[in-house]
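>>> Sequence first, predicted coordinates after that:
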Amino acid sequence: MCSSPGETKNARCQTARAGWSSAKLVLMAFRVRVCRLADIVAGELRAFAVTGVTWPVILSFVEHELVAVPGVCPHEDVGLADYGELEGTTLRCRVHGFEFDVLTGRCEHDPRLSLRRYPVTVIGDEVWVDLL
Ligand code: FES
């Protein structure tokens, strides 16, 4: 066991702790099933609630790419399901007008802001997203 502070100098305990840290990192990223492929419409924002996650996941086909982003504006905590609009590759938040390129995440108005993109995996007709 590596429970007492005196054991931290023990190489076996340090290895065990390093493994535990890696395990925690793996658990922080998880893949969730969000919807069916047929639920997503090219050029439209579709929001899907995910159990245990505050904001929905927003999905769309943009320039033949399946894109998944969080349903919250990076500028302030405003729901993009209600206030976002998609035109081409640009997602515009109607609250203050900030625009984000959904293919890069880059904000056109403030380079300090970016829209996170979730990795997407399609398995059969199901869409899975890695929430990181
Ligand atoms: S809250 Fe979206 S641009 Fe300000």
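Sure thing, it's come through. Numbers count the residues shown, from 1 in each chain.
>>> As a check, name the ranges of all helices in this structure.
Assigned by DSSP state H, the helices in the chain fall at 11-28, 80-83.
>>> Which of these has the lowest mean pLDDT?
If you rank these by mean pLDDT, helix 11-28 sits at the bottom with a mean of 51.
>>> where's the residue nearest the centre of the chain relative to residue 45, distance?
Nearest residue to the geometric centre of the chain (C-alpha atoms, centre = their mean): residue 118, 3.8 Å. Remark: distance between residue 118 and residue 45 (C-beta to C-beta, to the nearest Å) = 14 Å. Heads up, the C-betas are built off the backbone N, CA and C, glycines and all.
>>> Bridged to residue 123, which residues?
Beta-bridge partners recorded for residue 123 (DSSP bridges): residue 126.
>>> The residue nearest to the centre of the chain: what's it in contact with?
57, 68-70, 129-132 (C-beta atoms under 8 Å, 6 or more residues apart in numbering).
>>> which of these has the weakest pLDDT?
Lowest pLDDT of the contacts of residue 118: residue 132, 71.
>>> residues near that residue, how many?
10 (other C-beta atoms under 10 Å).
>>> Around the ligand, pick out the residues from the protein.
73, 75-76, 78, 93, 95-96, 98 (C-beta under 6 Å from any ligand atom).
>>> can you tell me how far the closest residue to residue 30 other than its chain neighbours sits from residue 98?
Among residues not flanking residue 30 along the chain, residue 131 sits closest, at 6.0 Å (C-beta to C-beta, 6 or more residues apart in numbering). From residue 131 across to residue 98, the span is 23 Å (C-beta to C-beta).
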